[in-house]
Each structure stands twice: as C-alpha cells, then as structure tokens.
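Q: Sequence below, structure please.
(chains A, B, C and D)
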There are 2 protein chains.
Amino acid sequence: MRRSKKERQRLLTSTIEDNPFITDEELAEKFQVSVQTIRLDRLELSIPELRERIKTVAEKRFEDEVRSLPLEEVIGEIIDIELDQSAISIFDVKAEHVFKRNQIARGHHVFAQANSLAVAVINDELALTAKANIQFKRSVKLNERVVAKARVTKIDDHAGRTFVEVNSFVNNEQVFSGQFEMYRSKNNKG
Amino acid sequence: MRRSKKERQRLLTSTIEDNPFITDEELAEKFQVSVQTIRLDRLELSIPELRERIKTVAEKRFEDEVRSLPLEEVIGEIIDIELDQSAISIFDVKAEHVFKRNQIARGHHVFAQANSLAVAVINDELALTAKANIQFKRSVKLNERVVAKARVTKIDDHAGRTFVEVNSFVNNEQVFSGQFEMYRSKNNKG
DNA sequence: CCGAGTATTATGACTAGGTACTAAGAGTAG
DNA sequence: CTACTCTTAGTACCTAGTCATAATACTCGG
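A: Down below sits the predicted model:
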C-alpha cells in the first residue's frame, strides 16, 4: 500500500471536491492505484461519477440563476402592493448576506430591500432614488426574516418627486427606517 | 415536413438555449423528427452535444464562484486604504447591476459600494452602519466605473461612533454622496 | 410525370466514462 | 493455515453521443 486506504479516501474526497471534473483514470494515476480501486473508493464514499458531478455543478448554477433573476428587479419578495400607496416585502437573511465573523447582515442588503420596495411602490415607468435618510435600529442576524413596509407620504407632481417611508421589522421589532425621496418621470398616467 | 427546416432549427436553438440539459432523443420527440435529424441540425448550427453543453455550464459556474468570492466582503475593489482615515474603491457597473428598461444602475448597488467602503475604512473588529444620509446626484449607467472615496470625519470613542463621508464619482463627476454614522465596538487598539 | 437536389431516416461501427458483477491474487492478523 | 481485507482484472451493459454510408422521401422546375 502506497498510502493507507483511509488516507487515500480522505485525499480522494478533497481532490474531487476542489476539482469535480477529474476522471477515475486521472485519479488512479494520481494515487498510483488501479481504476477499479478508485471506483470502489467512490462507491464506499458514495461519490457519484464524473458526469453526475458535472451535472450537479451545472444544475446548481441554473438554480442560482433563477434565484438571482427575480432578485434583479426587487430585493426580497413583494407580498402586497398598492401602487402609489403602500407595499410590503419579505427578505430572508441567508448565509450570503451576513458578515462571516459575526453573522450580522451587511447593511446594504437591508437597504437594498427597502430601496427596491420604494422603487416598486411607485406607479411609474421610471423611478430612481434621489435622496435617502436611513437608520439601522438594530442589527439583523442570519436566518431572520425582515418584513419591510413602504408607505408613500407625498407625491409632488410638479417637481416629479415622490416621498416614501420604509420601516423594516423582524418579529415586530423595528430594525430599519428610511425616508426616500424618489425621482419619477412626470408624465404619470393618473 | 411538419415545419420548415429553418423554423425547426430556429426553435431548436432557443429550446437548447433555455434548457441545455435536453437530450437529442427528447428533442426528436419534441419536434417529431428522428434523432438523426436533430443531430444533423446540431451539426449545421454547431451546437455541441449534451455533455459538452452541461460541462460548459458547470465550468462557467466555477469561474463565477471565484469572481463572487472577493465580492463577499466588499462591493467594489479597494485600491487604496488608510485605516481610520480614508479609502478608495472602484466598481464597474455591469449588466446585472442595471434596470433592464433604462440601463441605469439600481441605487442599492451604488449605496452598497459606499457602505462597504465605510465599513472597510474603520479600524475595528466590528463595524456596522447606524445611520446614513445619502444623495444620488445623477444616475449611473451601464459600463460606467464608479470611484468611491471615503473619508473619516470624526471618531467618537466614548459613544463608539465613527462618522464617514463617502463621495462617488464617474469621470470626476459626482454621482453620489453619503454621510455614514458607523457603530464600532469601543475597545479600539489605538 | 420525371429527374435533380434537398431533407430525412436508418444502419453499423466506435467512443468516453462510467455501473454492476464475478473472480482471483496479495498481504496480514489471529 | 485460515479468514479477512484490499486490490486488481475482466466481462457485459449503459448512455449519449460521434462519424460515415446508404437508402428513402419530398419538392420543385421543366
């Protein structure tokens, strides 16, 4: 035995993990054993064959893509909306949204939810944030669900400005508040 | 002919585009032609076989992964930093950052760059945004490069607050300004 | 209606990268 | 020596193709 079986299998796992595109033949060469041994190892470790591994990687990318597509227009999921009046969205804080060190959501995600809700509530082709005054009341942590509530406070058709107030909560506890001054193209249908 | 050859090939292209995981057999079934016809079509259109398509998708994911890792901690790329004093980062506006309709960068990305720069400039274990007052001076468009400059204006060790001003520019033209009040854990080394 | 040319389908041989199974030899521990 | 694990070898089979060749089917101009 060049290496103990356990040692080889440990290395095999990590090797495949950081290069799922490696074939059994290449692995056999790398560990100086027969292809059959590699196959037995994979069987024992329940590591799928090359093609299945590649497929999994590809499928995950596809999932991520659909997950990031709705994210493209609105951060969080809008669950209620009355144009030019009010809107509510929810946003679940996942691992990718927090600082690794302390599991606290990075501010820009909480802001992004509020900001995109402010954009969404406006009944217009073009809505952009002009100014914002925001406060982070308490930090949001991993796995918490943030509910953002937007309310249109004032519409100034002349200036083409709409004022939106957004308050975000986790379990009825306020975590964020923001006043948004939104630019809108003046030619509103209403 | 059920459909003209051209029509079928047009549909074939788009079908494979939005589902690269489809086999020739499934395609043959779908278009009511033989598998051989599908293969001839792919040959003419130079569409690779299933396995190659999946591999490409998987490889792209791998590339994306390394690209999105540095993005995890800071939005934009920090090119200069003096802790507790100033910092500069650049952020290139790509297709995924803009509204499809008008190619204007969504506000939260510009905010995210500024916010994460404000976090980065602070010489502390823990830095969180408490409040922010921001203005979007003009809209940022696709392919523009935003340069954000952060300057620490005041450090209040007693209250555990640091004030950071961030101004962002595209070609020396200001696009964003923000005053950030940052929370920091009081036990600073300095 | 016939032939030319295009389009389609069929057939056979081969490939990579496997699975599943059987068999056999090497080394080692009791 | 026997029992056992570990390793290697070999076979048949699989999927989703490739390439090449041949035989049809359709369609249009004359």
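Q: where does chain A come near DNA strand D, residue by residue?
A: Neighbours of DNA strand D within chain A, by C-beta under 7 Å from any atom of the strand: A:Met1, A:Lys5, A:Arg8, A:Val33, A:Ser34, A:Gln36, A:Thr37, A:Leu40. Yep, even glycine has a C-beta here, placed from its N, CA and C like the rest.
Q: again, only using 10 Å
A: With C-beta under 10 Å from any atom of the strand as the criterion, chain A meets DNA strand D at residues A:1-9, A:28, A:31-41, A:44, A:51, A:55.
Q: Just the residues you listed: which are in helices?
A: When the residues of chain A next to DNA strand D are checked against helices (DSSP state H), the matches are A:5-9, A:28, A:31, A:35-41, A:44, A:51, A:55.
Q: Stretch A:168-188: how far from the chain's middle?
A: Centroid displacement of stretch A:168-188 relative to its chain, using C-alpha atoms, centre = their mean, to the nearest Å, is 20 Å.
Q: List the contacts of A:Arg101.
A: B:Glu125, B:Leu126 (C-beta atoms under 8 Å, 6 or more residues apart in numbering or on different chains).
Q: so it, which of the three states?
A: Here A:Arg101 is recorded as coil under DSSP: H, G, I helix; E, B strand; the rest coil.
Q: what residues go with each domain of chain A?
A: Domain assignment for chain A by automatic domain parsing gives A:5-68, A:75-184.
Q: Quick one: the ones you listed as TSV, columns for mean pLDDT too.
A: TSV is the format used below for the domains of chain A (pLDDT from 0 to 100):
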stretch	mean pLDDT
domain A:5-68	90
domain A:75-184	91
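Q: got the buried residues for stretch A:85-98?
A: For stretch A:85-98, the neighbour count (16 or more other C-beta atoms under 10 Å in any protein chain shown) marks A:Ser86, A:Ala87, A:Ile88, A:Ser89, A:Phe91, A:Val93, A:His97, A:Val98 as buried.
Q: wait, which of these is closest to DNA strand D?
A: Nearest to DNA strand D, judged by C-beta to the nearest atom of the strand, of the buried residues of stretch A:85-98 is A:His97 at 36.6 Å.
Q: need the contact list for the closest one.
A: A:His97 neighbours (C-beta under 8 Å, 6+ apart): A:Ala105, A:Arg106, A:His109, A:Leu142.
Q: and the gap between it and B:Thr129?
A: 14 Å (C-beta to C-beta, to the nearest Å).
Q: what does A:Lys6 give?
A: 48 Å.
Q: ok, these two, which is more surrounded?
A: Per other C-beta atoms under 10 Å in any protein chain shown, whichever of A:Lys6 and B:Thr129 has more neighbours is B:Thr129, with 25 against 8.
Q: pretty sure that one belongs to a strand, no?
A: Yes - assessed with three-state DSSP, B:Thr129 lies in a strand.
Q: pretty sure A:Thr129 contacts A:Met182?
A: Yes - between A:Thr129 and A:Met182 a contact is recorded at 5.9 Å, counting by C-beta atoms under 8 Å.
Q: ok so, going back, what's the closest of the contacts of A:His97 to chain B?
A: A:Arg106 (7.0 Å; C-beta to the nearest C-beta).
Q: Can you give me every residue that contacts that closest one?
A: A:His97, A:Val98, A:Phe99, B:Asn115, B:Ser116, B:Val119.
Q: Check A:Arg39 too.
A: Contact analysis of A:Arg39 by C-beta under 8 Å, 6+ apart lists A:Asp24.
Q: circling back: could you say which of the domains of chain A is packed most deeply?
A: Mean neighbours per residue, mean count of other C-beta atoms under 10 Å in any protein chain shown, is largest over those for domain A:75-184, with a mean of 19.
Q: returning to what we had before: nearest to DNA strand D among the contacts of A:His97?
A: A:Leu142 (38.6 Å).
Q: thought the closest one was touching A:Val93?
A: Yes - taking C-beta under 8 Å as the definition, A:Leu142 is a contact partner of A:Val93 at 5.8 Å.
Q: where do the contact lists of these two overlap?
A: A:Ala105.
Q: any idea of the angle the helix or strand that contains A:Ser116 forms with helix B:107-121?
A: If you go by DSSP states H and E, A:Ser116 is part of helix A:107-121. When axes from the mean of the first three to the mean of the last three C-alpha atoms, to 10 degrees is applied, the directions of helix A:107-121 and helix B:107-121 differ by 160 degrees.
Q: quick one: is stretch A:47-65 near chain B?
A: Yes - counting by C-beta under 8 Å from any C-beta of the partner chain, chain B is contacted by stretch A:47-65 at A:Arg51, A:Ile54, A:Lys55, A:Val57, A:Ala58, A:Glu59, A:Lys60, A:Arg61, A:Phe62, A:Asp64.
Q: List the contacts of the fifth one.
A: Translated: A:Ala58. B:Pro20, B:Phe21, B:Ile54, B:Lys55, B:Val57, B:Ala58, B:Arg61.
Q: Residues of chain A that sit close to DNA strand C?
A: Within chain A, the residues that sit near DNA strand C (C-beta under 10 Å from any atom of the strand) are A:1, A:16, A:21-28, A:35-36, A:38-40, A:42-43, A:46-54.
Q: Make sure A:Phe176 is indeed in a strand.
A: Yes - assessed with three-state DSSP, A:Phe176 lies in a strand.
Q: What's opposite the residue nearest to it when sequence neighbours are not counted in the beta bridge?
A: Computed as C-beta to C-beta, 6 or more residues apart in numbering or on different chains, the closest residue to A:Phe176 that is not its neighbour in sequence is A:Ser168, at 3.9 Å. Counting by DSSP bridges, A:Ser168 is bridged to A:Ala148, A:Phe176.
Q: Check the gap between A:Ser34 and DNA strand C for me.
A: Noted for A:Ser34: a distance of 10 Å to DNA strand C, by C-beta to the nearest atom of the strand, to the nearest Å.
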